[in-house]
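Novice: Give me coordinates for this.
(chains A and B)
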There are 2 protein chains.
Amino acid sequence: MSTDLSSASRSADDVAAGAVTRGPIAGSTKHYLHVDHLRIPQRRVHLTNGEHLDLYDTSGPYTDETADIDVHAGLPPVRAQWPRPEPLQTAAGHPAATQLAWARAGLITDEMRFIAAREGCTAEKVRSEVAAGRAVIPANHRHPESEPMIIGKAFTVKINANIGNSAVTSSIGEEVEKMVWATRWGADTIMDLSTGNDIHLTREWILRNSPVPVGTVPIYQALEKVKGDPAALTWEIFRDTVIEQAEQGVDYMTVHAGVLWRYVPLTADRVTGIVSRGGSIMAAWCLAHRSESFLYTHFAELCEIFARYDITFSLGDGLRPGSIADANDAAQFAELETLGELTKIAKHHGVQVMIEGPGHVPMDKIAENVRREEELCEEAPFYTLGPLATDIAPAYDHITSAIGAAMIAQAGTAMLCYVTPKEHLGLPDRDDVKTGVITYKIAAHAADLAKGHPRAQERDDALSRARFEFRWTDQFNLALDPDTAREYHDETLPAEQAKTAHFCSMCGPKFCSMRISADVRAYAQKHPASMTLPLEAL
Amino acid sequence: MSTDLSSASRSADDVAAGAVTRGPIAGSTKHYLHVDHLRIPQRRVHLTNGEHLDLYDTSGPYTDETADIDVHAGLPPVRAQWPRPEPLQTAAGHPAATQLAWARAGLITDEMRFIAAREGCTAEKVRSEVAAGRAVIPANHRHPESEPMIIGKAFTVKINANIGNSAVTSSIGEEVEKMVWATRWGADTIMDLSTGNDIHLTREWILRNSPVPVGTVPIYQALEKVKGDPAALTWEIFRDTVIEQAEQGVDYMTVHAGVLWRYVPLTADRVTGIVSRGGSIMAAWCLAHRSESFLYTHFAELCEIFARYDITFSLGDGLRPGSIADANDAAQFAELETLGELTKIAKHHGVQVMIEGPGHVPMDKIAENVRREEELCEEAPFYTLGPLATDIAPAYDHITSAIGAAMIAQAGTAMLCYVTPKEHLGLPDRDDVKTGVITYKIAAHAADLAKGHPRAQERDDALSRARFEFRWTDQFNLALDPDTAREYHDETLPAEQAKTAHFCSMCGPKFCSMRISADVRAYAQKHPASMTLPLEAL
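Specialist: Numbering: from 1, shown residues only, chains lettered A, B, ... in the order given. Below you'll find the predicted structure:
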């Protein structure tokens, strides 16, 4: 937090102040709910019939026209003003200053109150789900710029967007804008997966400007420190990297501590071996040293660090399947069993935990992933990458994976890691990030609907009513992506009066089922007898 | 068939010979299986390791470099040369020259043999599924240019692409090219939903050039004949329209005969009323005339016509839900019950039947649609539009619906009607058609995988092996859309040598899990002891 970002501005002069995307999403304004000293952001969509609809809002101050934004200074550290309970002694014998420890002690924090207002539930429900380990609140004390959010199956399904440069492409400026851009369209968390140069600085820029929790995979930076040679990694290098990132404010970290030495041979006959970067690094390390993973043997020490900052574990699935053929195999489920064991250790230390899941899984094997995860990991929030329901559509893997993502979320997964059209082919650009986020908002929302989340259907009904009443502008503005909806409509009927026309280019003016159906309704009101008469014959 | 297309060439001079897309899909050639006098097309993908993979091929002669194509003359009427069994007397007392009548009589037609070779099963399996009414072969005797295909849950899941102009946009030439384009990417059938001018001529051009079955909704043209006034429709106008289209060779027709007078009031309180064009037309007709639908009262006469040509019924769901709020409601299921009754009547006349389904349905209500359809309609093939799993993403409804489509296909739906990104907003252009088709191939294939179709996983495995072995060109060519996969890859790594590089832009050269994983595998082969030792501790 003490890093002076302005001193870094020359080395990253492609991020000029104001270079990030600003202003509200079409048809909406920023609205704040006030609960005591808390100010909870919402996106208020204004309808042409005088009504409005308030939506969950992940976009931070960037969509507030009245907010001062200076990317060199970062966002205001709002959470730093909130009272924070004392660290509590845990069963493991070390203090924990975590939402889990406080929840278990019956304390309701400001983060929990903020979340309750966002989700439309009681703060007690938030507390009890966190206390049970069924939900996590990723909120490093050193990331006070973030707006608290919760990941758990009792709440709305969340989505994560990965950003990050690699040795081959991208720049810091692009990554900050990708974060602003991804949260604008609905990303609930961001993972910075940078592997190239300037890892530390890129992360600093992202954290100081991010209104959502930020996750990382510390082993990536650790590997950079040893010039890419997995065998040269040590526990000390890894630990110091974790502390470095913890100090910066990373909210959750992927740790592949379940990739045990003895599991590596289980992958030898797979069609696609080990596809997780972290998993392959640790497998290589175990084989080179002929010994057990230092992430596993030092796991308790890691817990002590995490407990101080309130970093949430995202226990990585280093042996996840990389193809349909490898789904639900012995390697994958062996690792999951170890993740269950590690979950208990983390919670013993008062540390919040979620569990990462696959990957590539055919539809008939999806539900089993959730069932096993819940059984082995005490219902810790499941956080899956897709899964892709088939391997045969590179360039469309946002879609192959949205199918799997919607289904696994319906089955109880709490957060979905997005996949962009560039998956397996290249790094996502700005358009790909938006496509990935919107696609995953669809999957998450479809699951909220199927799970009967009390607020989910409001938006569907509002949009469908607008559609039936030919309120085109409202239909656009209630959409996940108003700009593209309007653009597509205007391609064939650009005239402004068409926005109120009682037809569209699909069927033309004479041939509109919506219009005929409205006529039917009008007829029914005028001639109730002719409508009800035949009904009696039912 | 007797229509001279060349005489129509002036009025449709925007279709020049050769204006349609030609040539094989990247990396593949046309290959033919020979079974007696039958020549079954396949797409052969040639791999860089010397292997090849043969795929189901819907694209017709257009992807055969050696084929003569003249869109003014149409495709060769191959089926006209095949021996056709005599019409058979049905229980209804009229003769039927249909695949259903022949299958029930134990006859195996050339169409069934052709399909068996395409699907990789026995001809007896094809016959018995058709005889049971669990599968249909839409093949009007007057459409001899078509390559036989089957729609039924025991076979690969099929997809349909809608094309057709409306009063507002499009031209005949564009529609023919859309047909060629849609079948190139995998459309198993085409529906011509034209509602504007030149309906008859557009359909003639499409039929004479289509290698796949063509479906229509005859009420659209009937309504044009009465200048768009539903109340002016009569049974006679409708019947003559059906005969006109039957003579042209339409393979299946959507008939909304289940929209009964007494069901109309059930839609009055819906969020989106009646959204089917056919449904709204018939509802308006019933109310205007205060009498029962002529489609229902004359259904047996319709069956006699269908039986002569072997046209397949696609019993339309005129009361399908148009929003999440209206899913699985009384109106929808009342109509489905009537469709079950009509199914029995059609089969009694020896006529093949499939049943259309929704629409907009949340994930938790999808399976019930299949269960009820199978129960009420004697497992007649189900043919659904999506369903969209949420209403909130206009401009992305190919995705919202692919989620529902994959799930409903897994549950037993036999054919999926595609949805394009323009759904609810405008008419699809060429790019939208391709996006819709590829998206639905994903949904259909994901379902084939989940249902354990014997050939489905071959392609996934071949692609995943290519991916793991860094055979980039093979990965592209095995994809549903090789062109876009290659294009995305080349955006960040355009150099030709990168096609064989053992890394990609996602992680860069030093940081590739696939490379590390290959190293692990090589290490295992070299040091089997260090791999197997820890395994014993399991």
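
Novice: my read: A:Ile151 touches A:Val136, true?
Specialist: Yes. Between A:Ile151 and A:Val136 there is a contact at 5.2 Å, judged by CB atoms under 8 Å. C-beta here means a position set from N, CA and C on the backbone, and glycine is covered the same way.

Novice: okay, and the common contacts of those two?
Specialist: Shared contacts of A:Ile151 and A:Val136, defined by CB atoms under 8 Å, 6 or more residues apart in numbering or on different chains, comprise A:354, A:381.

Novice: Give the full set of residues in contact with A:Thr343.
Specialist: A:Thr343 neighbours (CB under 8 Å, 6+ apart): A:133, A:315, A:353, A:355, A:376-378, A:380.

Novice: Likewise for A:Pro138?
Specialist: Neighbouring residues of A:Pro138 by CB under 8 Å, 6+ apart: A:149, A:151, A:189, A:213, A:215, A:251-252, A:311-312, A:352.

Novice: you'd agree it is in a helix?
Specialist: No. Applying DSSP: H, G, I helix; E, B strand; the rest coil, one finds A:Pro138 to be coil, outside a helix.

Novice: one step back: the contacts of A:Pro138 in helices, which ones?
Specialist: Among the contacts of A:Pro138, none falls in helices (DSSP state H).

Novice: Can you tell me which of those residues is nearest chain B?
Specialist: A:Gly215 (17.6 Å; CB to the nearest CB).

Novice: Tell me the spacing between the closest one and A:Thr202.
Specialist: 14 Å (CB to CB, to the nearest Å).

Novice: Over to A:Phe470?
Specialist: For A:Phe470, the distance to A:Thr202 (CB to CB) stands at 47 Å.

Novice: Name the residue in those two with the higher neighbour count.
Specialist: A:Thr202 (24 against 18; other CB atoms under 10 Å in any protein chain shown).

Novice: Remind me which helix or strand that one belongs to.
Specialist: Under DSSP states H and E, the secondary-structure element containing A:Thr202 is helix A:199-209.

Novice: Which neighbouring elements make contact with that helix?
Specialist: If you count contacts as 3 or more CB pairs under 8 Å, 6 or more residues apart in numbering or on different chains; DSSP states H and E, helix A:199-209 packs onto helix A:172-185, strand A:189-192, strand A:214-216, helix A:218-225, helix A:235-248.

Novice: Which residues of the stretch 151-300 of chain A lie near chain B?
Specialist: Contacts of the stretch 151-300 of chain A with chain B, taken as CB under 8 Å from any CB of the partner chain, map to A:166-169, A:195-196, A:220, A:223, A:228, A:230, A:260-262, A:264-268, A:271-277, A:279-281, A:283-284, A:287, A:290.

Novice: Is there contact, residue-wise, from stretch A:304-323 to chain B?
Specialist: Yes. On the criterion CB under 8 Å from any CB, stretch A:304-323 is in touch with chain B at A:322-323.

Novice: Just the endpoints, please. Distance across that stretch?
Specialist: Using CA to CA, to the nearest Å, the end-to-end distance of stretch A:304-323 comes to 36 Å.

Novice: And the average pLDDT for it is what?
Specialist: Per-residue pLDDT over stretch A:304-323 has a mean of 98.

Novice: Could you list the buried residues of it?
Specialist: Across stretch A:304-323, burial judged by 16 or more other CB atoms under 10 Å in any protein chain shown covers A:304-323.

Novice: In helices, which of these appear?
Specialist: The helices, defined by DSSP H, take in A:304-309 from these.

Novice: which residues of the stretch 251-400 of chain A score low on pLDDT?
Specialist: Along the stretch 251-400 of chain A, no part satisfies pLDDT under 70.

Novice: which residues in it form strands?
Specialist: Ranges of strands in the stretch 251-400 of chain A, per DSSP state E, counting those that start in this stretch, are A:252-255, A:312-315, A:353-357, A:382-385.

Novice: Please identify the most buried of those.
Specialist: strand A:312-315 (a mean of 29; mean count of other CB atoms under 10 Å in any protein chain shown).

Novice: residues in contact with that strand?
Specialist: Outside strand A:312-315, the residues that touch it by CB under 8 Å, 6+ apart are A:136-138, A:215, A:251-258, A:306, A:339, A:342-343, A:346, A:351-356, A:383.

Novice: wait, what's in contact with the closest residue in space to A:Val136 that isn't next to it in sequence?
Specialist: Residue nearest to A:Val136 in three dimensions, not counting chain neighbours: A:Gln352, with 4.1 Å by CB to CB, 6 or more residues apart in numbering or on different chains. Shown in contact with A:Gln352 (CB under 8 Å, 6+ apart): A:98-100, A:130, A:133, A:136-138, A:310, A:312-313, A:346.

Novice: What pairs with the one helix or strand A:Ile40 maps to, parallel or antiparallel?
Specialist: Using DSSP H and E, A:Ile40 maps to strand A:38-46. Take DSSP bridges as the rule and strand A:38-46 pairs in its sheet with strand A:28-35 (antiparallel), strand A:52-56 (antiparallel).

Novice: which stretches of the stretch 351-500 of chain A form helices?
Specialist: Assigned by DSSP state H, counting those that start in this stretch, the stretch 351-500 of chain A shows helices spanning A:366-376, A:397-410, A:430-451, A:456-468, A:472-478, A:482-492.

Novice: Of these, which stretch is the most buried?
Specialist: Greatest burial across these, using mean count of other CB under 10 Å, falls to helix A:397-410, with a mean of 30.

Novice: Could you tell me which ranges of chain A sit under the pLDDT cut-off?
Specialist: Using pLDDT under 70, chain A drops low at A:1-18, A:165-171, A:493-512, A:524, A:526-538.

Novice: Please repeat the previous calculation with a cut-off of 80.
Specialist: A:1-19, A:164-175, A:195-197, A:492-538 (pLDDT under 80).

Novice: Contact partners for the closest residue in space to A:Thr413 that isn't next to it in sequence?
Specialist: Among residues not flanking A:Thr413 along the chain, A:Phe382 sits closest, at 4.4 Å (CB to CB, 6+ apart). Residues counted as contacts of A:Phe382 (CB under 8 Å, 6+ apart) are A:153, A:354-355, A:357, A:369-370, A:373-374, A:408, A:412-415.
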